[in-house]
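A.B. asks: predicted model, plus sequence, below.
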Amino acid sequence: MAKKISAPGKKTNHPSALALLTGILVFTCLLYLKSLSGEFLNYDDTDNVLNNGIIRQLSPDHLVQFFSRSYLYMYAPLTFITYAIDYHISGLDPFYFKLTNLILHLFNVTLVFLLAQQLFKNKAAITIMTLLFAIHPLNVDSVSWISARSNLLATLFFFLALLFYMQYVDKKRAFWLVMVTTCFLFSLLSKSAGIMLPLTLLLIDYLNNRKITWKVVLEKLPVLFLSFIFGLVALYFRSDSGNPESIMAYNFFDRFLMICLSLTGYLFRTVVPLHLSAIYAYPHKNGTFLPFFYFLAPMILAGLIFLVSRLKSLRREIIFGLLFFVVNVLMTQLVLLEDGFMANRYGYLPCVGLIFIIAACFDHFRMGSKMVKKISIVSMVFFLILFSVITYKRSLQWNNTLTLFNNAVEQSPGSAFAFNNRGIARFSENDLDGALSDYNQAISIFPLYSSAYYNRGIVFYDKKEFNKAQQDYTAAIELNPNFASCYAARGILEMEVIYNDSLALIDYNAALRLNPEMAQVYYNRGLLRLRMKDFPMACEDFHQVRRLGYSRADDLIRQFCE
């Protein structure tokens with residue numbers, strides 16, 4: 001029989017615990033070491049870091065700006081402060097940005113180790129839980145992608161909150177509840193991913209047979225309040241959710257089937273992480289119905305629930321792990337983001353629940369017969385080696401945009417988003433024909449894809465097919481009237497090719513109304529206003545470029561504005 005899970009706060013001390021943890025951390029570093037030489041990706045890294053002027057300023061006056069606005073539809077001020085710290089240490093060297101991600105992952109591995117010590121008495125189970133989290137291939141996307149740092153940071157504070165809650169349950173001191181609430185606030189300021197902490201705390205209570213009373217519920221009111229407030233904040237800023245220009249239309253029953261498939265997909269990939277991709281394609285409906293295998297997903301989940309209900313051993317542990325996973329992954333699948341369907345990065349925190357089940361089962365079976373024990377150990381060693389190899393190889397796929405999306409297109413050939421982003425990568429390599437082919441394929445898969453029209457317009461512009469470029473820019477704007485970058489691109493064409501200053505000014509104004517942080521558009525509008533002899537307004541634009549942290553307009557300011 002498996003040893004009983006130790007009560008929260010009663011940490012099992014092992015003389016070799018530090019050496020064990022150190023070995024896991026060193027091994028994790030070795031797996032990811034080569035990937036640190038990768039580049040910034042044309043997949044959010046450009047907007048989050050390379051073209052984000054706010055991270056280039058880290059004075060007390062500018063700290064307010066981090067907390068007063070969102071970036072890329074997310075409110076994550078602490079995450080962007082860490083980008084600013086990286087920038088002030090290394091400039092725009094991707095090595096240090098990737099290194100920070102790896103360091104945050106190592107901190108999270110350490111916290112999982114501490115959590116495992118609270119949950120298990122057996123050293124082998126502690127090792128399995130920690131090592132699986134450290135090297136699991138699902139976690140590569142969060143560790144190797146600079147723009148997924150919010151996942152790492154939010155999870156770090158989430159784990160701290162869990163540890164402090166265990167201390168509170170054991171010692172019943174209000175101080176620990178204050179620490180739980182503080183860490184939860186920091187987690188939410190990093191990303192809203194940990195918004196389900198209140199329910200997770202109740203799961204901890206369930207695991208440890210703590211009686212659920214009104215007092216137990218009321219002690220969670222502070223975190224419930226924060227969860228509610230930041231839930232509203234996330235909904236407010238997540239304006240790309242369900243964007244009809246990037247996601248197909250699905251009815252309520254379709255969404256139910258898609259969520260069921262997502263859950264089964266995460267469950268499967270946690271145990272068998274093969275054919276992983278940065279992007280998984282949204283389903284194409286056959287007439288009014290989704291593909292047949294989507295209808296199998298609810299039945300698979302129902303069968304799993306039935307099996308768990310029939311268990312005599314480990315039922316509480318398995319229910320806890322499954323609910324930990326479902327509670328923390330479900331919110332990510334309720335919204336429709338163009339790259340969010342079954343995304344690996346959303347499994348970074350939730351997979352801890354499934355890994356806990358694996359460790360608990362290993363702990364249980366190792367107490368069986370010699371044959372069962374031998375099979376358990378050999379199987380676990382096999383999976384750990386397999387996971388290590390997959391993680392090493394997958395981390396290298398995140399080294400550059402083209403490698404990443406070559407893999408995404410191969411694994412998800414029905415994803416318009418994958419083709420669109422590979423087109424961006426090919427364009428950056430000056431492969432205009434390859435980029436054009438990818439954008440055409442993206443539009444063929446999803447004819448309402450505004451970003452693909454916009455990007456194809458850029459290719460046509462570079463190929464000097466200006467009429468086609470203008471048509472694509474206009475098509476993108478018609479599909480998505482809030483497409484700031486497309487207004488800016490069409491403004492350049494009107495300014496530099498058509499020489500229609502009034503139309504260019506209208507488009508620049510529209511772009512800046514939608515996104516007032518676009519320094520390049522202020523610069524271009526300033527040049528346009530110089531040509532229109534509107535020197536005061538041109539100077540205002542150039543000064544705005546400087547206020548956003550760029551020096552490109554400084555010579556023009558000295559020439560025309562001083």
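C.D. replies: Arrived safely, thanks for sending.

A.B. asks: only C-alpha atoms from now on, for both contacts and neighbour counts.
C.D. replies: Fine.

A.B. asks: nearest spatial neighbour of I458, chain-adjacent residues omitted?
C.D. replies: Take I458 and drop its neighbours on the chain: the residue closest to it by CA to CA, 6 or more residues apart in numbering is A469, 6.5 Å away.

A.B. asks: so how far is the regular element (helix or strand) spanning the one you found from its chain's centroid?
C.D. replies: Using DSSP states H and E, A469 maps to helix 466-479. Put simply, helix 466-479 sits 31 Å off its chain's centre (CA atoms, centre = their mean, to the nearest Å).

A.B. asks: likewise stretch 38-56?
C.D. replies: Using CA atoms, centre = their mean, the offset of stretch 38-56 from its chain centre is 15 Å.

A.B. asks: out of the helices and strands in the chain, which is least certain?
C.D. replies: helix 60-67 (a mean of 78; mean pLDDT, DSSP states H and E).

A.B. asks: buried set for that helix?
C.D. replies: For helix 60-67, burial by neighbour count (16 or more other CA atoms under 10 Å) applies to L63, F66.

A.B. asks: which stretches of the stretch 351-500 of the chain have low pLDDT?
C.D. replies: 368 (pLDDT under 70).

A.B. asks: that should have said the stretch 51-200 of the chain, apologies.
C.D. replies: For the stretch 51-200 of the chain, the ranges with pLDDT under 70 are 72.

A.B. asks: again, 80 this time
C.D. replies: Residues of the stretch 51-200 of the chain meeting the criterion pLDDT under 80: 53, 59-62, 64-65, 68-74.

A.B. asks: mind listing the helices for the stretch 1-150 of the chain?
C.D. replies: Applying DSSP state H, counting those that start in this stretch to the stretch 1-150 of the chain gives helices spanning 17-33, 45, 60-67, 77-90, 94-119, 123-135, 140-144, 149-171.

A.B. asks: got a markdown table for these, with distance to V223 too?
C.D. replies: Shown next, in a markdown table, are the helices of the stretch 1-150 of the chain (distance: least, CA to CA, whole Å):
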| stretch | distance to V223 |
| --- | --- |
| helix 17-33 | 31 |
| helix 45 | 31 |
| helix 60-67 | 20 |
| helix 77-90 | 19 |
| helix 94-119 | 20 |
| helix 123-135 | 26 |
| helix 140-144 | 25 |
| helix 149-171 | 10 |
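
A.B. asks: comparing these, which comes out most buried?
C.D. replies: helix 140-144 (a mean of 26; mean count of other CA atoms under 10 Å).

A.B. asks: quick one, longest helix in this protein?
C.D. replies: Ranked by residue count under DSSP state H, the longest helix found in the chain is helix 370-397.

A.B. asks: tell me what the helix or strand just after it is packed against?
C.D. replies: Per DSSP H and E, the first helix or strand lying C-terminal to helix 370-397 is helix 401-411. With contacts defined as 3 or more CA pairs under 8 Å, 6 or more residues apart in numbering; DSSP states H and E, the packing partners of helix 401-411 are helix 370-397, helix 416-428.

A.B. asks: most centrally placed residue in this protein?
C.D. replies: Closest to where the C-alpha atoms of the chain average out (CA atoms, centre = their mean) is A148, at 4.4 Å.

A.B. asks: list the contacts of that one.
C.D. replies: D141, S142, R345 (CA atoms under 8 Å, 6 or more residues apart in numbering).
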